[in-house]
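> sequence? don't have it. structure:
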């Protein structure tokens, strides 16, 4: 029985008292949140002279209006719902039979039925459907924004975009204004972020307590799913829980491998949780019942050092290039299997900016500025190129005017940090 209680009963879980639901979860002004987000998009549109945007990414639709409907389905099947937004008007084209879902949203002026211009909906008539969709959309855009509007688009199938361009609409990419809008969070928006994190931390605590050698990775990972859904979160975006040597290299999807005794178990949450906000932190556990090996502790301590060094150099006003130059130097034996980013933005999903390691910056990096209101996830994966286990750790933080606030509170593993 003692072995079965190894995870649930250890003394180093006292920090889990921090995981109680935040009091602000029931005191969030969602009208203010939606107004801030829609205002951010319009501000970034105006900076670029964009008269209208057509948003089809369901996360962007939710960001701009608060309207949620079948997000995962909509990512694959489109355009089946989409949003047209100008400087002073917002029109949601909603999926068949679902127009009522936007009732009461002050961010939306009108709801219309969507016309699905996809092959699965139109079959061999797809080209005709796309041309019809484009004609109707072009007429709407001209009525809202003038004869030759500049229109931002994203996540639109090729035939639809080509047909819209042939209608004489000046098309540009909407990714930049929307990503730049999403990058800065308001104080009220941060209440949503923190509520989502607290719910995810509760789910991870349940997963951690459920660790037993002999179960599959998928069985263990399902504990997190159950908890997230039960707390009215949305979904988990990736399948990133692995054990033993499947922890290295990273990005091996959760499977039916049986968790063995005394193995490392690495988890990246990637939860689209409460209010649609992304809870993104990583932890690595030990399956027990014995103590971690010196090698396991070494990997863990190195990953811990990387995350905390890079959290420590973050500051408002810092350029992305200066961050890369000051970031933790990855030892050679861990370099080949390094995580592909040093840090990244986080909001309703992973988002702008991407902050790269110094060695990767010349080929992959771009410059910019770390500014107050950004939420960032600081990453580490430590595993040797020659094989063996690996450790994944990650923390989510908020950039303030004067420094950095830690958002993810789930405790680290004392047994893996101890040197003995």
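It's in. This is a predicted model, so every value here is computed, not measured. Numbering: from 1, shown residues only.
> how distant is stretch 228-237 from the center of its chain?
On the basis of Cα atoms, centre = their mean, to the nearest Å, stretch 228-237 sits 13 Å off its chain's mean C-alpha point.
> Oh, that last question was meant for stretch 382-395, not what I typed.
22 Å.
> Show me the domain layout of this protein.
Here the domain parsing of the chain from automatic domain parsing is 11-26+184-417, 51-173.
> Packing partners of whichever strand or helix holds residue 312?
Assigned by DSSP states H and E, residue 312 belongs to helix 294-313. Under the contact criterion of 3 or more Cβ pairs under 8 Å, 6 or more residues apart in numbering; DSSP states H and E, helix 294-313 touches strand 282-286, strand 375-383, strand 390-399, helix 414-417. The way it works is simple: take the backbone N, C-alpha and C, and place the C-beta from them, glycine included.
> Show residues contacting the helix or strand just after that helix.
Note on helix 294-313: by DSSP H and E, the next helix or strand toward the C-terminus is helix 320-326. If you take Cβ atoms under 8 Å, 6 or more residues apart in numbering as the criterion, helix 320-326 is touched by 313-314, 342-343, 353, 355-358, 360-361, 365-370.
> buried residues in the next helix or strand after helix 320-326?
Counting by DSSP H and E, the next helix or strand C-terminal to helix 320-326 is helix 332-335. The neighbour-count check on helix 332-335 (16 or more other Cβ atoms under 10 Å) flags residue 334 as buried.
> Can you show me the helices along this protein?
Taking DSSP state H, the helices of the chain run over residues 30-47, 58-65, 71-76, 119-122, 126-145, 158-166, 175-182, 187-209, 217-230, 294-313, 320-326, 332-335, 361-364, 414-417.
> average pLDDT across the third one?
By that I understand helix 71-76. Mean pLDDT, helix 71-76: 84.
> That one: how far from the chain's middle?
15 Å.
> Sort out which residues of it are buried, please.
Buried-residue list, helix 71-76, by 16+ other Cβ under 10 Å: 71, 74.
> That one packs against which elements?
helix 58-65.
> same question for the helix it packs on, mean pLDDT?
97.
> try stretch 370-379
Taken as a whole, stretch 370-379 has an average pLDDT of 98.
> buried sites along that stretch?
In stretch 370-379, counting by 16+ other Cβ under 10 Å, buried: 370, 373, 374, 375, 376, 377, 378, 379.
> OK, contacts around residue 234?
Going by Cβ under 8 Å, 6+ apart, residue 234 touches 71, 228, 272, 273, 276.
> mind checking how far the last one is from residue 107?
I take that to be residue 276. Residue 276 is 14 Å from residue 107, where distance means Cβ to Cβ, to the nearest Å.
> shared neighbours of these two, anything?
In terms of Cβ under 8 Å, 6+ apart, residue 276 and residue 107 are not both contacted by any residue.
> Tell me if I'm right that residue 176 and residue 48 touch.
Yes: Residue 176 is within contact range of residue 48, at 7.3 Å (criterion: Cβ atoms under 8 Å).
> Check whether residue 367 really touches residue 353, as I assumed.
No: using Cβ under 8 Å, residue 367 makes no contact with residue 353, being 9.7 Å away.
> who's more crowded, these two?
Shown here are residue 367 and residue 353; by other Cβ atoms under 10 Å, residue 353 has more neighbours (23 against 12).
> contacting residues around that one?
183, 320, 344, 345, 366, 368, 370, 374.
> Need the pLDDT of it.
Reported pLDDT at residue 353 in the predicted model: 98.
> That one and residue 310: what is the separation?
14 Å.
> Residue 30 now?
33 Å.
> how about the nearest residue to residue 366, chain neighbours excluded?
residue 320 (6.7 Å; Cβ to Cβ, 6 or more residues apart in numbering).
> how many neighbours does that neighbour have?
Neighbour tally, residue 320, other Cβ under 10 Å: 20.
> Over to the one 4 residues further on?
The local packing of residue 324 (other Cβ under 10 Å) involves 20 other residues.
> And the pLDDT for the closest residue in space to it that isn't next to it in sequence?
The shortest distance from residue 324 to any residue other than its chain neighbours is 4.3 Å, reached at residue 361 (Cβ to Cβ, 6+ apart). With respect to pLDDT, residue 361 scores 97.
> So, low pLDDT: which residues of the stretch 1-150 of the chain?
Counting by pLDDT under 70, the stretch 1-150 of the chain contains low-confidence ranges at 1-26.
> and the residue sitting nearest the centre point of the chain, what does it touch?
Residue closest to the average C-alpha location in the chain (Cα atoms, centre = their mean): residue 349, at 2.4 Å. For residue 349, the contact set (Cβ under 8 Å, 6+ apart) comprises 59, 237, 272, 278.
> Around the first one, count how many other residues there are.
In other words, residue 59. 22.
> Report the contact partners of it.
By Cβ under 8 Å, 6+ apart, residue 59 lies in contact with 71, 276, 348, 349.
> Recalculate using a threshold of 7 Å.
By Cβ atoms under 7 Å, 6 or more residues apart in numbering, the residues touching residue 59 are 71, 348, 349.
> same question, the third one
Listed by Cβ under 7 Å, 6+ apart, the contact set of residue 272 reads 233, 234, 235, 237, 278, 349.
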